[in-house]
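Chemist: here you go, sequence then predicted model.
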Amino acid sequence: MNLGSRERRLLLVLAALAGVAALRGLWVLAAPAPLPQVAVVKPAAVRGAADRSSFGKGTRRGALELPKEIVTLALADPDRQPGALAVGRDPFRFGPPPAPPPPPPPTREELARRAAEAEARRLAAEEDARQRAIPRPPPVTLVYLGSFGTEARRIAVFADDKGENLYNVRVGEIVEGKFIVDRIGYESVDLKFVGFPDEPAKRLPIGG
C-alpha cells in the first residue's frame, strides 16, 4: 500500500508522541515514591485539647479541639546533619578536677643515698673554701727583655705588662715589691716571690 506524503508525516508524528509517552511512563515508574509528611502536634496544644476534652461524672465537658499550630516534619531529607554543637562544661563533672595522688615516701635506701650525696657536697664545698683561703704567690706580670754587664755584675732588664716602666735589677733585688731576682742567665731569669720563701722559683724566658 502506497501512502502519500501527508499520511507519512502523520505516522511519524504519532510515533514520536508514542515514544514520548512511553519514556514518561518509564520515568514515573522508576522514580522513588515521595515520603509522607507527618504532622506533629506541640505538647501545649495537646494538653489544651486534652483538658478541653476531659469527661466528668459521665458528662462531656467540652468537645475536642484541633491544635492551633501544626509543625510539619520533612522526612524527604533523612541524611541532613544537625548544626555544630558548642562544647561547654561537662554536666556530669562538678567542681575542679581531683588532685593527683601524692608520690610514695622514699625508701630507706633512697634516704641513705640522699644523705651520702649531701655529705659529699658539703665536704667538697669545705675543701674548695680551704683551698681558696691558702695564700698563693701572685702571677708574674713582668716581661724579661734581656741582660747586660759582666758575669759578676749582670743586670736584668724587665718591663711591666703595659710596657710603660723599665726595671734594671741585679740578683737579690726586688721588682714591684713582689718578685725577687734569684738568678740571671743569658736567655732567662729565675724569680722568687716576696713572702713565699718555700715557693719554688719561676723561670722567665726572654720575651716572657
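Modeler: That came in fine, so what should we check first?

Chemist: how is the chain partitioned into domains?
Modeler: Domain assignment for the chain, taken from automatic domain parsing, gives 34-75, 143-205.

Chemist: mind telling me which of these the model trusts least?
Modeler: Per-segment mean pLDDT for the domains of the chain reaches its minimum on domain 34-75, at a mean of 51.

Chemist: could you find the closest non-adjacent residue to G185?
Modeler: S147 (7.8 Å; C-beta to C-beta, 6 or more residues apart in numbering). For the C-beta atoms, the positions are set from N, CA and C on the backbone; glycine is no exception.

Chemist: I'd assumed N168 was in contact with the one you found.
Modeler: No: at 9.4 Å, S147 and N168 do not qualify as touching, with contact defined as C-beta atoms under 8 Å.

Chemist: which of those two has more neighbours?
Modeler: Neighbours were counted for S147 and for N168 using other C-beta atoms under 10 Å; S147 has more, 19 against 14.

Chemist: hey, what's the more buried one bridged with?
Modeler: Each beta-bridge partner of S147 is listed here, defined by DSSP bridges: A156.

Chemist: switch to numbering from 871
Modeler: Yes, from this point I'll number from 871; that puts the last item at S1017.

Chemist: residues contacting it?
Modeler: 1024-1027, 1054-1056, 1059 (C-beta atoms under 8 Å, 6 or more residues apart in numbering).

Chemist: and the strands in the protein, which stretches?
Modeler: Here the chain has its strands, by DSSP state E, at 908-911, 925-926, 929-930, 940-943, 1013-1018, 1025-1029, 1036-1039, 1044-1045, 1049-1054, 1058-1063, 1072-1075.

Chemist: quick check: which of those is nearest to Q1001?
Modeler: strand 1058-1063 (18.3 Å; C-beta to C-beta).

Chemist: packing partners of the closest one?
Modeler: Under the contact criterion of 3 or more C-beta pairs under 8 Å, 6 or more residues apart in numbering; DSSP states H and E, strand 1058-1063 touches strand 1013-1018, strand 1049-1054, strand 1072-1075.
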